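> Sequence and predicted structure, then a few things I'm wondering about:
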Amino acid sequence: MDDRSDLAQVLTAQLGQGVLAFPLTAFTDDGESVSEAGCRRHLRHHLATGAAALFVACGTGEFASLTEAEYADVVALAAAETDGRIPVLSGIGYGFGQARRLAGIAAGAGIDGLLVMPPYLARGSDAGLVEYVRRIAAGTDLPLIVYLRDLMRVSTRALEQLAAIETVIGFKDGHSAFVELQRARLALGPDFLLFNGSLTAEMQYRPYASLGIRGYSSAVQAFVPEIAGAFFTAARDGDEARMDELITGFYAPVVALRDRVPGYAVSLIKAGARLRGQPVGPVRAPLTDPTPDHLAELELITRRGLALVGADL
């Protein structure tokens, strides 16, 4: 992509074609190393199943557990596998110095843009958080999407200041504070890229869509693209009955299971991918893989969900 407007326009257009996918990072069976073969297979899975864009080495990709060398491997694999077919972005974060180093690695690999994660541990003021992003932006020419989640929570005025940074092209919202979000949407205007990045975003599709925010990220795409695709189609077509069927039969039970154990938002996705034959390996500590009972429950939920779309495990 040539500049921030190019990527923003491409991503906006892509939001009408499919979900924003957040690939897993495949590890070896002992969890000690990144599995190149596993990563390649998983990336090809996303390319073959209609992902609109890829966000690698982000939350679902266990960004926080990767060394810089592993990060370099993951982003290089993603850029090579996508080969310009769809946009590919990667996560950066911690302090702004580390974020700049990761941004340099991503740029060298040919990544199109960056998802700026919340800063590590320290809770900043509006001014401090805006400065955090400004300092990251000063160290890279790549377009930035700011992830509004956890410690990255700011006022509408601060969002306007962030949006005024030349290379900031959008926000991924994970707070789901709809009054604040409505203020932000009105302040930023309809053309600014803003998408639903809540956990299991399909469950909150309707309230986001009511504000004109119809694009969303989907971790479910990583292991049951048949269901993710069916929901996307139903949402695009306004098929309320079909959305209800998929939520009742799959998404709501997955969320109920997810909420039992911290970290299951990633662990269940990775376990589901393994259930379907993807060699993605385990999650890394502090995340934990599902217990045998929970894994059996996930398999049952997945089978029932796939049956709704005429597919098998």
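Everything's here; your move.
> switch to C-alpha atoms for all contacts and neighbour counts from now on
Fine.
> which outside residues touch the longest helix along the chain?
Criterion DSSP state H: the longest helix present in the chain is helix 292-308. With C-alpha atoms under 8 Å, 6 or more residues apart in numbering as the contact definition, helix 292-308 has outside contacts at 224, 226-227, 246, 249-250, 253-254, 257, 268, 271-272, 275, 312-313.
> Next, count neighbours for residue 149.
Counted with other C-alpha atoms under 10 Å, the burial measure for residue 149 works out to 17 neighbours.
> List the buried residues in the longest helix of the chain.
Counting neighbours by 16 or more other C-alpha atoms under 10 Å, one finds that the buried residues in helix 292-308 are 295, 297-299, 301-302, 304-306, 308.
> can you redo those as a markdown table with distance to residue 84?
Listed next are the buried residues of helix 292-308 as a markdown table, based on distance: C-alpha to C-alpha, whole Å:
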| residue | distance to residue 84 |
| --- | --- |
| 295 | 36 |
| 297 | 38 |
| 298 | 35 |
| 299 | 35 |
| 301 | 35 |
| 302 | 32 |
| 304 | 36 |
| 305 | 32 |
| 306 | 31 |
| 308 | 33 |
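> would you turn these into CSV with pLDDT?
Supplementary listing: those in CSV, determined by pLDDT from 0 to 100:
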residue, pLDDT
295, 98
297, 98
298, 98
299, 98
301, 98
302, 98
304, 98
305, 98
306, 98
308, 98
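> from those, which single one is nearest residue 238?
residue 308 (18.0 Å; C-alpha to C-alpha).
> how close does the closest one get to residue 205?
With distances taken as C-alpha to C-alpha, to the nearest Å, residue 308 is found 19 Å from residue 205.
> could you pull out the helices for the stretch 151-300 of the chain?
Across the stretch 151-300 of the chain, reading from the start of the chain, the helices by DSSP state H, counting those that start in this stretch fall at 156-163, 178-188, 205-210, 225-237, 240-246, 252-258, 264-275, 292-308.
> most packed of those?
Compared across those, helix 264-275 shows the largest average neighbour count, a mean of 22 (mean count of other C-alpha atoms under 10 Å).
> Contacts for that helix, please.
Under C-alpha under 8 Å, 6+ apart, the answer for helix 264-275 is 24, 59-60, 62, 199-200, 219-220, 222-224, 258-259, 279-283, 287-290, 295, 298-299, 302, 313.
> Any of the residues you listed buried? List them.
Among the contacts of helix 264-275, those scoring as buried are 24, 59-60, 62, 199-200, 219-220, 222-224, 258, 279-283, 287-290, 295, 298-299, 302 (criterion: 16+ other C-alpha under 10 Å).
> Let me know whether residue 70 touches residue 35 as I believe.
No: under the contact definition of C-alpha atoms under 8 Å, residue 70 does not touch residue 35, with a separation of 9.9 Å.
> Comparing the two, which residue is more hemmed in?
Neighbour comparison, residue 70 and residue 35: the larger count goes to residue 35, with 21 against 17 (by other C-alpha under 10 Å).
> quick one, what contacts the more buried one?
If you count contacts by C-alpha under 8 Å, 6+ apart, residue 35 has them with 26-28, 280.
> separation between it and residue 215?
According to C-alpha to C-alpha, residue 35 stands 31 Å off from residue 215.
> just for the stretch 201-313 of the chain, where's the confidence low?
Counting by pLDDT under 70, the stretch 201-313 of the chain contains no low-confidence range.
> Now do the strands in the protein.
Taking DSSP state E to define them, one finds strands in the chain at 20-21, 53-56, 88-92, 113-116, 144-148, 168-173, 193-196, 217-218.
> possible to save these as JSON lines with mean neighbour count and distance to residue 98?
Below are those laid out as JSON lines (neighbours: other C-alpha atoms under 10 Å; distance: least, C-alpha to C-alpha, whole Å):
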{"stretch": "strand 20-21", "mean neighbour count": "26", "distance to residue 98": "24"}
{"stretch": "strand 53-56", "mean neighbour count": "26", "distance to residue 98": "17"}
{"stretch": "strand 88-92", "mean neighbour count": "28", "distance to residue 98": "8"}
{"stretch": "strand 113-116", "mean neighbour count": "27", "distance to residue 98": "11"}
{"stretch": "strand 144-148", "mean neighbour count": "24", "distance to residue 98": "15"}
{"stretch": "strand 168-173", "mean neighbour count": "23", "distance to residue 98": "18"}
{"stretch": "strand 193-196", "mean neighbour count": "24", "distance to residue 98": "25"}
{"stretch": "strand 217-218", "mean neighbour count": "26", "distance to residue 98": "25"}
